[in-house]
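Student: No sequence on hand, only this structure:
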């Protein structure tokens, strides 16, 4: 019963948005949330609203404020009014403040009302920050726990969960907008081409970022959960709000074990519990809607173009016409004339049905589906089958897995080699080394200082020290790198995918 009462009380917080006087309620709540802990009487609210162009009598403003108090959006103020006259006391005896939940509801409502119907950009850059922040938090746990270091850990943890919440919210809003646009029947022409480009470029960019950062974040979260008790102890040592049993406290994210487990489940789960899996499913659904629109526009049996512009022009003409002219215009546009028996029509199975028989009393006539749904009188044949690309996709996936295994085996060989001068490598390991060396030289700003580059996918870090040379032997030749002494190490513990598959 207590839970149902709490839910009902929270629902009352939204009543002012749908009341008949909602514009007045919204204006009053805007004044109370415009500053920190605004404390005003109804007369003060009336004066401030008058400055904004909304004339509201003090008695009406008092009634509106009392109603907001009953709904829970405002609370009576207990501050004593310092007045010099009895009239001022009577005018200022009822003062109000915004409640905590009332302020949150109104700020969210204003944010939604001021939002546009356009697309929201996905905060995909937060994925890299989440991965880096997890590494920093793990590094801070290795040293002695001081109050300053505990505050740093708490700030990093709050940033991680806030970034995750912002990223998931922006992704949800973007795909909801994309789904709403692609499901429109009137999407065609240049507008269709723009959204097709958006789907093929931007959605692929989002998916690529998630696929690149998800393994790093999942691995870091596994290490965090191994030390979760230590992390929670550090977070509990940070001074926070403590009210005991007086009131429930809403803490920042990342202060409980279940929140960390849910975060790891989002990045490393399977099926609908996995965030990357949900994003891939959403991208596939959007692509399916895009293909459905393309088939509709290319279908020779349909009109091939949208009637939206024609219907909007007809609506304007109906709005500007008189009642009699609008009736004639509507009848001419949609063929809604009264029935006229200019011919006997098709043969009826029932001989009792004649030209004067109304349609409501006669048996229904079978209308072909193509004519009933598309207005097409052309005979339609069997549609061609959609080619099955499962076999080709399986071949491509098998080739990709083989390349991944070969690269991982080469990474294990390179990590074991260490100092590369005088080492003997296989051709595959040498090819991976050349790729990493090309990345290092392309990003190196000053060739006179040591440099390094890390491949997180393979778990390798290549170090290059200017001076000397590196000679690498292989079964099909010798590789000589002039001007650099190369060393390669494992960035993390690696195992061959073939060994993992055997396990």
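Tutor: Thanks, I have it. All of these numbers come straight from a predicted model, not from anything done at the bench.

Student: Please make it C-alpha for all contacts and neighbour counts, starting now.
Tutor: Fine.

Student: If we go by neighbour counts, what in stretch 445-453 is buried?
Tutor: 451, 452, 453 (16 or more other Cα atoms under 10 Å).

Student: for the first one, phi and psi?
Tutor: The phi/psi pair for residue 451 (degrees, to the nearest 10) reads phi -140, psi 160.

Student: and if you look at the second one?
Tutor: The phi and psi torsions at residue 452 (degrees, to the nearest 10) take the values phi -150, psi 160.

Student: Number the chain from 762, please
Tutor: Sure, I'll start counting at 762 from here, so that last one is residue 1213.

Student: Please name the nearest non-neighbouring residue to it.
Tutor: Excluding the flanking residues, the one nearest residue 1213 by Cα to Cα, 6 or more residues apart in numbering is residue 1224, at 4.4 Å.

Student: quick one: the helices in the stretch 1162-1264 of the chain?
Tutor: Using DSSP state H, counting those that start in this stretch, the helices found in the stretch 1162-1264 of the chain span residues 1188-1204, 1258-1263.

Student: returning to that earlier point: can you give me the neighbour number for the residue nearest to residue 1213?
Tutor: Residue 1224 has 19 neighbouring residues, counting by other Cα atoms under 10 Å.

Student: gap between it and residue 1161?
Tutor: Separation of residue 1224 from residue 1161 (Cα to Cα, to the nearest Å) stands at 28 Å.

Student: rewinding a little: ok, now which ones touch the residue nearest to residue 1213?
Tutor: Residues near residue 1224 by Cα atoms under 8 Å, 6 or more residues apart in numbering: 1211, 1212, 1213, 1214, 1247, 1248, 1249.

Student: Show me what the fifth one bridges to in the sheet.
Tutor: Put plainly, it is residue 1247. In this entry, residue 1247 is beta-bridged to residue 1225, by DSSP bridges.

Student: hang on, the earlier thing: which of the contacts of residue 1224 sits closest to residue 1151?
Tutor: Using Cα to Cα, residue 1214 comes nearest to residue 1151 of the contacts of residue 1224, at 38.1 Å.

Student: Please report the distance of the closest one from residue 1202.
Tutor: Using Cα to Cα, residue 1214 is found at 9 Å from residue 1202.

Student: Also residue 912?
Tutor: Applying Cα to Cα, the value for residue 912 to residue 1202 is 39 Å.

Student: cool, and residue 934?
Tutor: For residue 934, the distance to residue 1202 equals 40 Å [Cα to Cα].

Student: Secondary structure element holding residue 934?
Tutor: Using DSSP states H and E, residue 934 sits within helix 908-943.

Student: list the helices and strands that helix packs on?
Tutor: Helix 908-943 is packed against helix 887-901, helix 989-997, helix 1036-1059, with contacts defined by 3 or more Cα pairs under 8 Å, 6 or more residues apart in numbering; DSSP states H and E.

Student: which residues touch the spatially most central residue of the chain?
Tutor: Among the residues of the chain, the one closest to the centroid is residue 932, at 1.3 Å (Cα atoms, centre = their mean). Contacts for residue 932 (Cα under 8 Å, 6+ apart) come out as 883, 884.

Student: Quickly note the distance from it to residue 940.
Tutor: According to Cα to Cα, residue 932 and residue 940 sit 12 Å apart.

Student: ok, now residue 1204?
Tutor: Residue 1204 is 39 Å from residue 940, by Cα to Cα.

Student: Over to residue 863?
Tutor: Between residue 863 and residue 940 the distance is 32 Å, computed by Cα to Cα.

Student: Go ahead and report the secondary structure state at residue 903.
Tutor: coil (DSSP: H, G, I helix; E, B strand; the rest coil).

Student: Any idea how many residues pack against it?
Tutor: For residue 903, the neighbour count with other Cα under 10 Å is 8.

Student: Next: residue 888.
Tutor: Neighbours of residue 888 using other Cα under 10 Å come to 21.

Student: and the nearest residue to it once chain neighbours are set aside, how many neighbours does it have?
Tutor: Nearest residue to residue 888, sequence neighbours excluded (Cα to Cα, 6+ apart): residue 974, at 6.3 Å. When neighbours are defined as other Cα under 10 Å, residue 974 has 18 of them.

Student: Check which residues of the helix or strand hosting residue 974 are buried.
Tutor: In this assignment (DSSP H and E), residue 974 forms part of helix 965-987. By 16+ other Cα under 10 Å, the buried positions in helix 965-987 come out as 967, 968, 971, 974, 975, 976, 977, 978, 979, 981, 982, 985.

Student: Next, format the helices of the stretch 1162-1264 of the chain as CSV and append mean pLDDT and distance to residue 1132.
Tutor: What follows is these, written out as CSV (pLDDT from 0 to 100; distance: least, Cα to Cα, whole Å):
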stretch, mean pLDDT, distance to residue 1132
helix 1188-1204, 87, 61
helix 1258-1263, 38, 57
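
Student: Pick the most buried one from the ones you listed.
Tutor: helix 1188-1204 (a mean of 16; mean count of other Cα atoms under 10 Å).

Student: from memory residue 896 sits against residue 983, does it?
Tutor: No - counting by Cα atoms under 8 Å, residue 896 sits too far from residue 983 to count as a contact (11.6 Å).

Student: For residue 1163, see how far away the closest residue in space to residue 1043 that isn't next to it in sequence is.
Tutor: Spatial nearest neighbour of residue 1043, excluding adjacent residues (Cα to Cα, 6+ apart): residue 936 at 7.0 Å. Counting by Cα to Cα, the gap from residue 936 to residue 1163 is 33 Å.

Student: before we move on, what about residue 923?
Tutor: Distance of residue 923 to residue 1163, given as Cα to Cα: 39 Å.

Student: What of residue 873?
Tutor: For residue 873 relative to residue 1163 (Cα to Cα), the value is 49 Å.

Student: now residue 1098
Tutor: 70 Å.

Student: Which one's more surrounded, the two?
Tutor: Remark: of residue 1098 and residue 1163, residue 1163 carries more neighbours, 14 against 10, as counted by other Cα under 10 Å.

Student: Please enumerate the strands of the chain.
Tutor: In the chain, the strands defined using DSSP state E lie at 801-802, 835-837, 856-859, 1212-1216, 1221-1235, 1238-1251.

Student: just so I know, which of these lies nearest residue 1118?
Tutor: Nearest of the strands of the chain to residue 1118, taken as Cα to Cα: strand 835-837 at 68.0 Å.

Student: Quickly run through the sheet partners of that closest one, with directions.
Tutor: Strand 835-837 is paired, per DSSP bridges, with strand 856-859 (antiparallel).

Student: The helix holding residue 934: which residues count as buried?
Tutor: For helix 908-943, a neighbour-count test (16+ other Cα under 10 Å) marks 910-915, 917-925, 928, 931-936, 939-940, 942-943 as buried.

Student: Could you do stretch 1021-1038 as well?
Tutor: Neighbour counts over stretch 1021-1038 (16+ other Cα under 10 Å) mark 1021-1022, 1024-1030, 1035-1038 as buried.

Student: Can you read off the pLDDT for residue 916?
Tutor: Residue 916 carries a pLDDT score of 90 in this model.
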